[in-house]
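**Student:** need a structure here:
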Amino acid sequence: MDRFEIECCELTQVHDDLVEEVRAKLPDEEELFDLAELFKTFGDSTRMKILFVLFEHEVCVCDIAQILGMTQSAISHQLRIIKQARLVKARRDGKTIFYSLADDHVKEIIGMAKEHLEEER
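**Tutor:** I've put the predicted structure just below:
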């Protein structure tokens with residue numbers, strides 16, 4: 001049997017009490033949509049690289065572009081998406097805008113995902 005194959009029950013038997021208990025705890029559609037959108041933001045390797053850069057230090061777009069070998073325009077485009085998801089914040093210092101992680105939750109989410117992937121190997 002393929003380890004990713006989904007096994008099904010041999011007979012249909014709904015456990016009504018369990019179904020109702022779980023259904024009552026499900027988030028509403030709007031919250032589920034927002035969660036899905038947040039995880040879509042993590043679904044791009046360039047955005048992940050930017051976030052990993054920001055794990056290490058607060059940096060400006062020029063620095064990120066240099067570190068990743070990309071154009072400032074490409075970095076700015078991805079930062080806009082990441083910022084809309086409230087994963088990063090910006091701070092102005094004179095004419096320079098520095099970016100950093102919005103809070104420790106961002107690092108925790110990615111850290112947990114990375115840890116999960118490493119368990120599977």
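
**Student:** For the rest of this, base every contact and every neighbour count on C-alpha atoms.
**Tutor:** Will do.

**Student:** residue boundaries of the strands in the chain?
**Tutor:** 59-60, 88-93, 96-101 (DSSP state E).

**Student:** max-length helix in this structure?
**Tutor:** If you go by DSSP state H, the chain has its longest helix at helix 104-120.

**Student:** ok, and what's touching it?
**Tutor:** Helix 104-120 is contacted from outside by 55, 87, 101, using C-alpha atoms under 8 Å, 6 or more residues apart in numbering.

**Student:** how about TSV for those residues, with distance to D28 and pLDDT added?
**Tutor:** Shown next, in TSV, are the contacts of helix 104-120 (distance: C-alpha to C-alpha, whole Å; pLDDT from 0 to 100):
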residue	distance to D28	pLDDT
F55	32	94
L87	22	97
L101	28	97
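
**Student:** May I ask which of those has the most neighbours?
**Tutor:** Using other C-alpha atoms under 10 Å as the neighbour criterion, L101 leads the contacts of helix 104-120 with 24 neighbours.

**Student:** How about that residue, nearest residue that isn't a chain neighbour?
**Tutor:** Leaving out its chain neighbours, the residue that sits closest to L101 by C-alpha to C-alpha, 6 or more residues apart in numbering is V88, at 4.3 Å.

**Student:** Between the contacts of helix 104-120, which sits nearest Q13?
**Tutor:** L87 (42.8 Å; C-alpha to C-alpha).

**Student:** wait, doesn't that closest one sit right on R80?
**Tutor:** No - L87 is beyond contact range of R80, at 10.3 Å (criterion: C-alpha atoms under 8 Å).
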